[in-house]
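J.: return a 3D structure for these sequence lines:
(one chain, ligands or ions: 1)
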Amino acid sequence: MSKQKSAESDLMQKVVSLSKRRGFVFQSSEIYGGLKSAYDYGPLGVELKRNLMNEWWRSMVHEREDVVGLDASIVMHPKVWQASGHLAGFSDPLVDCLISKERFRADKAPRPVAGDSLPITCADKGQAKKYQEAIGKRFEIELRREGTRLMGMRVIDDATVGFFEDGGEEPVRTFPYRGYVSPAFGSPFLSEERQFNLMFRTQLGAVDVMGDIAAFVAENKEMDQKELRAGIEQKVKDSAVYLRPETAQAMFVQFLNCQQTMSMKVPFGIAQMGKSFRNEITTEHFIFRSCEFEQMEMEFFVEPGTQADWLEYWRDRRLEWWRSLSNNPDKFTYRAHDEDELAHYADACYDIEYDYPWGFDELEGVASRTDYDLRKHAEHSGAKLTYFDPQKEDPETGKNGWRYTPYVIEPAAGATRGVLVYLLDAYHEETVTDAKGNEATRVVLKLHPRLAPIKVAVLPLIKKDGMPELARELVSRFFKAGINARYDEQHAIGKRYRRHDEAGTPYCITIDGQTGEDGTVTIRDRDTMEQDRIPMADALAVVQERLVNS
Ligand code: GAP
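T.: Numbering: from 1, shown residues only. Okay, the predicted model is just below:
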């Protein structure tokens with residue numbers, strides 16, 4: 001591994017470890033061995049996530065006259081997902097490697113071409129021997145072992161791979177080729193592709209689907225396995241509902257209600273944030289990709305023909321917003337989708353990307369979704385999801401007044417992915433020298449003060465001489481003003497400062513012996529470690545001012 005790469009994966013490990021140590025993110029159901037790819041946001045994590053989502057809401061809804069909010073139910077009518085295409089299209093082709101049992105998405109697999117050799121790369125020599133034997137037994141060929149690699153397979157053409165002896169020009173045996181190999185091992189020995197729906201399916205109400213299935217099986221004993229399976233699948237589908245895989249669809253479905261109740265004029269948006277669920281095949285990079293996650297999405301309805309300008313407008317606004325809360329704005333960028341990357345409903349799309357430890361990757365999509373969604377929901381529901389602009393001339397008739405289906409620009413961001421981005425962005429280590437001249441590493445989470453879980457820690461220097469009472473009085477002043485403050489008297493003052501540096505607390509206020517004498521306290525800045533002495537009576541105003549100006 002290169003030095004840079006190892007430093008990057010080091011950063012990820014440090015962030016995962018700090019997340020656990022300081023109560024940002026825990027593995028779900030940890031005492032039972034954990035649940036794969038599910039995470040719980042701990043005492044500090046829940047604050048950070050809410051602060052991030054509240055900042056988004058502030059900038060997308062409260063600060064705009066042209067956007068309104070929505071909080072829709074997670075389980076919607078199943079026809080929503082038929083209309084949106086999620087039931088038919090939200091599925092990935094899945095394949096298993098017959099040797100290693102690795103499961104992967106066919107559309108993301110490496111695609112060697114004619115003439116390429118296909119080394120099967122194993123984790124160690126023991127595994128290479130095991131796989132050599134397994135391949136020998138199953139396919140009657142003996143691949144050559146070269147350290148951890150199994151050699152001899154080569155792509156012949158689009159549909160065939162062959163086993164070649166060392167130096168041989170003609171294949172000893174040929175096998176069908178699917179056009180790709182397994183990502184981890186490079187194996188061409190693969191199962192059939194199977195479609196896998198990413199939506200979580202469940203049942204609503206007291207439907208006894210098991211009873212229906214049992215009756216169906218009893219009545220159809222003569223059916224073969226394939227027919228039975230299709231019949232059972234239909235029974236399950238008939239009564240199934242789904243956990244939403246995106247928050248977006250509710251905003252299309254509630255387009256008319258929101259527009260009419262709030263008398264919104266196009267262009268206008270509907271924003272929503274909350275949980276989404278996807279049965280992801282590959283969950284990766286801690287909370288980057290998980291099965292349960294939170295999104296912050298906005299559907300912005302515009303006049304047909306104006307979508308290209310609005311797409312650029314929202315791309316720039318969203319990029320600016322992510323940067324405004326970060327320490328390293330240059331780590332955020334955007335990338336236009338290539339034609340073959342575009343979703344079926346989009347005529348253009350940008351990804352806002354962040355430079356993660358593994359490289360640039362998606363943080364938010366800003367898509368131009370055309371009028372696809374409103375049209376589809378109108379078709380399936382029979383509702384008239386259009387907008388009438390009495391001021392505009394209808395381009396077809398030339399008459400005053402234009403009724404049209406609005407086009408949509410959608411900035412769709414990951415809130416939980418945003419939490420990971422800002423933890424990575426904020427993690428900082430520096431060498432400091434203590435009062436005795438010893439060097440130590442200070443870990444500080446340089447979270448933007450508006451994102452910081454605790455805004456101010458109030459610390460009595462010692463647990464006597466009236467200091468705890470004064471500290472508690474000050475904390476209650478912060479609470480009354482709606483500022484999340486924390487009283488903290490555990491351990492020596494230096495240790496408490498370090499703990500709050502790691503928690504990302506921007507300000508620590510210390511009540512000391514002088515407070516009782518002249519009513520002053522010290523306020524310490526997390527990033528510079530500078531301390532100012534200010535009147536305790538001004539502490540609330542000082543913190544409020546610093547938060548507003550941060
Ligand atoms: N409505 C459009 C939509 O949902 P998306 O690109 O699939 O688009 C938007 O999702 C954002 O949601 C992504 O950019 C990402 O930040 C976040 N996201 C998607 N799948 C995720 C997952 N499995 N885990 C965490 N975040 C996810």
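
J.: I'd guess residue 457 is in a helix, am I close?
T.: No. Counting by DSSP: H, G, I helix; E, B strand; the rest coil, residue 457 falls outside a helix, being strand.

J.: how many neighbours does it have?
T.: Residue 457: 24 surrounding residues under other Cβ atoms under 10 Å. Where C-beta positions appear, they are placed from N, C-alpha and C, glycine not excepted.

J.: what is the end-to-end distance of stretch 154-171?
T.: Distance across stretch 154-171, first residue to last, is 9 Å (Cα to Cα, to the nearest Å).

J.: er, stretch 215-230 I mean
T.: 15 Å.

J.: got it, and stretch 215-231?
T.: End to end - Cα to Cα - stretch 215-231 spans 11 Å.

J.: what's the answer for stretch 25-32, then?
T.: Stretch 25-32 has an end-to-end distance of 17 Å (Cα to Cα).

J.: flag every buried residue along it.
T.: By neighbour count on 16 or more other Cβ atoms under 10 Å, the buried set for stretch 25-32 is 25, 27.

J.: now stretch 75-89
T.: For stretch 75-89, by 16+ other Cβ under 10 Å, it's 76, 78, 80, 81, 83, 84, 86, 87.

J.: what about the fifth one, distance to residue 374?
T.: Using Cβ to Cβ, to the nearest Å, one obtains 10 Å as the distance from residue 83 to residue 374.

J.: what does the second one give?
T.: According to Cβ to Cβ, residue 78 and residue 374 sit 19 Å apart.

J.: now swap in the third one and tell me
T.: In this structure, residue 80 lies at 13 Å from residue 374, with Cβ to Cβ as the measure.

J.: re the thing from before, among the buried residues of stretch 75-89, which one sits closest to residue 391?
T.: The shortest gap between residue 391 and any of the buried residues of stretch 75-89 belongs to residue 83, at 30.7 Å (Cβ to Cβ).

J.: which strand or helix spans the closest one?
T.: Per DSSP states H and E, residue 83 falls inside helix 78-84.

J.: pLDDT at the residue of the chain found nearest the ligand, what is it?
T.: The nearest approach of the chain to the ligand comes at residue 414, 2.3 Å away (Cβ to the nearest ligand atom). For residue 414, the model assigns a pLDDT of 98.

J.: the one 10 residues further on too?
T.: According to the per-residue confidence, residue 424 scores 98 in pLDDT.

J.: one more: residue 145?
T.: 96.

J.: quick check: residue 271 touching residue 69?
T.: Yes. The criterion here is Cβ atoms under 8 Å, and residue 271 meets it with residue 69 at 5.4 Å.

J.: these two: which is more packed in?
T.: For residue 271 versus residue 69, the count of surrounding residues by other Cβ under 10 Å is larger for residue 271: 22 against 17.

J.: give the contact list for the more buried one.
T.: The neighbourhood of residue 271, defined by Cβ atoms under 8 Å, 6 or more residues apart in numbering, consists of 57, 60, 61, 67, 68, 69, 70, 251, 296, 297, 298, 299.

J.: the residue most central in space within the chain and residue 284, how far apart?
T.: Residue closest to the average C-alpha location in the chain (Cα atoms, centre = their mean): residue 417, at 3.6 Å. Using Cβ to Cβ, residue 417 is found at 11 Å from residue 284.

J.: low pLDDT regions in the stretch 401-550 of the chain?
T.: For the stretch 401-550 of the chain, applying pLDDT under 70 flags no range at all.

J.: and if you look at the chain?
T.: For the chain (pLDDT under 70), the answer is 1-8, 89-92, 195.

J.: residue ranges for the helices of the stretch 1-150 of the chain, please.
T.: 3-21, 43-57, 78-84, 86-89, 125-139 (DSSP state H, counting those that start in this stretch).

J.: CSV please, covering those helices and showing distance to the ligand.
T.: As requested, the helices of the stretch 1-150 of the chain are exported to CSV (distance: least, Cβ to the nearest ligand atom, whole Å):
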stretch, distance to the ligand
helix 3-21, 15
helix 43-57, 12
helix 78-84, 10
helix 86-89, 10
helix 125-139, 30
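
J.: any chance of JSON lines for those, columns distance to residue 362?
T.: Listed next are those as JSON lines, based on distance: least, Cβ to Cβ, whole Å:
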{"stretch": "helix 3-21", "distance to residue 362": "17"}
{"stretch": "helix 43-57", "distance to residue 362": "17"}
{"stretch": "helix 78-84", "distance to residue 362": "20"}
{"stretch": "helix 86-89", "distance to residue 362": "19"}
{"stretch": "helix 125-139", "distance to residue 362": "33"}
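
J.: please name whichever of these is nearest to residue 206.
T.: helix 78-84 (17.1 Å).

J.: what helices or strands is that closest one leaning on?
T.: Judged by 3 or more Cβ pairs under 8 Å, 6 or more residues apart in numbering; DSSP states H and E, helix 78-84 is in contact with helix 86-89, strand 240-242, helix 248-253, helix 372-381.

J.: from those, which stretch is densest packed?
T.: helix 248-253 (a mean of 24; mean count of other Cβ atoms under 10 Å).

J.: hang on, the earlier thing: neighbours around the residue of the chain closest to the ligand, how many?
T.: Residues near residue 414, counting by other Cβ under 10 Å: 23.

J.: residues in contact with it?
T.: Neighbours of residue 414 in contact, by Cβ under 8 Å, 6+ apart: 293, 294, 295, 296, 363, 364.

J.: what does it show for phi and psi?
T.: With angles defined as degrees, to the nearest 10, residue 414 sits at phi -90, psi 120.

J.: roughly how far apart are it and residue 390?
T.: Taking Cβ to Cβ as the measure, residue 414 falls 39 Å from residue 390.

J.: about what we covered before: quick check: neighbours shared by residue 271 and residue 69?
T.: 57, 61.

J.: residue 444 is in what secondary structure piece?
T.: strand 439-445.

J.: now for that strand, which elements pack on it?
T.: For strand 439-445, the elements it packs on are helix 3-21, strand 427-433, helix 493-503, judged by 3+ Cβ pairs under 8 Å, 6+ apart.

J.: which of these is buried the deepest?
T.: With neighbours taken as mean count of other Cβ under 10 Å, the helices and strands packed on strand 439-445 reach their highest mean count in helix 493-503, at a mean of 18.

J.: what's next to it, contact-wise?
T.: With Cβ under 8 Å, 6+ apart as the criterion, helix 493-503 contacts 18, 21-22, 44, 434, 442-445, 453-454, 457, 459, 461, 488, 490-491, 508, 510, 524, 526, 529.

J.: same thing but at 7 Å, please
T.: Residues from elsewhere that reach helix 493-503 (Cβ atoms under 7 Å, 6 or more residues apart in numbering): 18, 22, 44, 442-445, 453-454, 457, 459, 461, 488, 508, 510, 524, 526.

J.: quick one: it to helix 43-57, angle?
T.: 50 degrees (axes from the mean of the first three to the mean of the last three Cα atoms, to 10 degrees).

J.: any chance of the buried residues of stretch 75-89 in TSV, plus distance to residue 117?
T.: Formatted as TSV, the buried residues of stretch 75-89 follow (distance: Cβ to Cβ, whole Å):
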residue	distance to residue 117
76	50
78	48
80	49
81	44
83	48
84	44
86	40
87	42
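
J.: no further queries at this time; thank you.
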